[in-house]
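J.: build the 3D model from these lines:
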Amino acid sequence: MKLPLVSIISVNYNQSHVTIEMLESFEKVIYPNYEIIIVDNNSQNDNPEIIKKKFPKIKLIFSKKNLGFAGGNNLGVQKAKGEYILFLNNDTEVPHDFLQALVDAFLGNKKIGMASPRLIYFHSENIIQYAGANSINIYTGRGSKIGIGEKDIGQYNENRFTELGHGAALMVSKKAIKKVGMMPDIFFLYYEEHDWCEIFKRNGYKILYVGKSKVFHKESMSIGKNSPLKTYYMTRSRILFMRRNVNLLKFLNFLLFFAFLTIPKKTLVFIFQNEWKLLIAFYKGIFWNFFNLDVHRNQNFKKL
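T.: Numbering: from 1, shown residues only. Next up is the predicted model:
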């Protein structure tokens, strides 16, 4: 039996050397039927041509502008031929057998719309980043990952349903994408994959954590200091997610928590730390939601 084609999509932005390291790890992958699509998200301080030079068989797509995480991935979907699409961060590396387990999970249950493998921090002694996730908390607008920070000793090796996939490694059925639409690029950064998970669930699909597969992620175990860019988009997207995914009563509960706890706390912390740029970014993220009322849209792409 011929195995289904998997389209691997990864977005590059000023990190061609990191993307190349990810592609090098694919040289040992034993799954025989996949294509790789790299989307350069209008890199300004990079030469993505070196990716194509080193790996001539990949598809390299150049975006005319930075479309954000979702928009860049959606651009790749337009060129993808696979029955399944794996969105993979460029700062990951993969073991030789990771892909077969993900494909097997889909072939074994037609209700599965998306799936994520176990994620291990690359620069660690086998420490887990993701082994499934709980739903976004309706009061805080925050999610929580299962297994994060634990030593991987096989406790999460089994497949099971979960509430949220992980954007660093997320396999999706192309048939499901045709039904529910592209990843919501209104977010630009952060929360877009969580929002997409909610859309999939509302359309009757299941999300699977595939413990029999793992991927190594180079994200730091301690994220460290926020940047104004991260503060802005994290704040904006947190509120936007709640606007799009909870009913009025739950949203009012979230607003009360945010207004009386989050805003005062963040404000005092940023002032105390003399982080005025972060304070401004935080409030810009809040006020974006006052001036953008049409939240149920994709900005750049329609359904396949």
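J.: could you say what helices and strands the top helix by length along the chain packs with?
T.: Determined from DSSP state H, the single longest helix within the chain is helix 228-245. Under the contact definition 3 or more CB pairs under 8 Å, 6 or more residues apart in numbering; DSSP states H and E, helix 228-245 sits against helix 192-202, helix 248-257, helix 276-291. Quick note: C-beta positions are derived from backbone N, CA and C, even for glycine.
J.: give the buried residues for the last one.
T.: In other words, helix 276-291. L278, L279, A281, F282, Y283, G285, I286, W288, N289 (16 or more other CB atoms under 10 Å).
J.: pLDDT at the fifth one, what is it?
T.: It refers to Y283. Note for Y283: predicted pLDDT of 98.
J.: repeat for D46
T.: Taking D46 on its own, its pLDDT is 89.
J.: that one: neighbour count?
T.: 17 (other CB atoms under 10 Å).
J.: quick one: the nearest residue to it once chain neighbours are set aside from A168, how far?
T.: Of all residues not flanking D46 in the chain, N14 sits nearest, at 4.3 Å (CB to CB, 6 or more residues apart in numbering). With the distance defined as CB to CB, to the nearest Å, N14 ends up 18 Å from A168.
J.: over to F98?
T.: 13 Å.
J.: L256 too?
T.: Taking CB to CB, one finds L256 at 32 Å from A168.
J.: and those two? Which one has more around it.
T.: Neighbour comparison, L256 and A168: the larger count goes to A168, with 21 against 11 (by other CB under 10 Å).
J.: which residues touch that one?
T.: L88, N89, D91, T92, L119, Q129, Y130, V215, H217, E219 (CB atoms under 8 Å, 6 or more residues apart in numbering).
J.: for it, give me phi and psi.
T.: Phi and psi for A168, reported as degrees, to the nearest 10, are phi -70, psi -30.
J.: from K266, how far out is it?
T.: From A168 to K266 the distance is 26 Å (CB to CB).
J.: next: D152.
T.: In terms of CB to CB, D152 sits 33 Å off from K266.
J.: repeat that for A80.
T.: 39 Å.
J.: so those two - more neighbours on which side?
T.: More crowded of A80 and K266, by other CB under 10 Å: A80, with 22 against 19.
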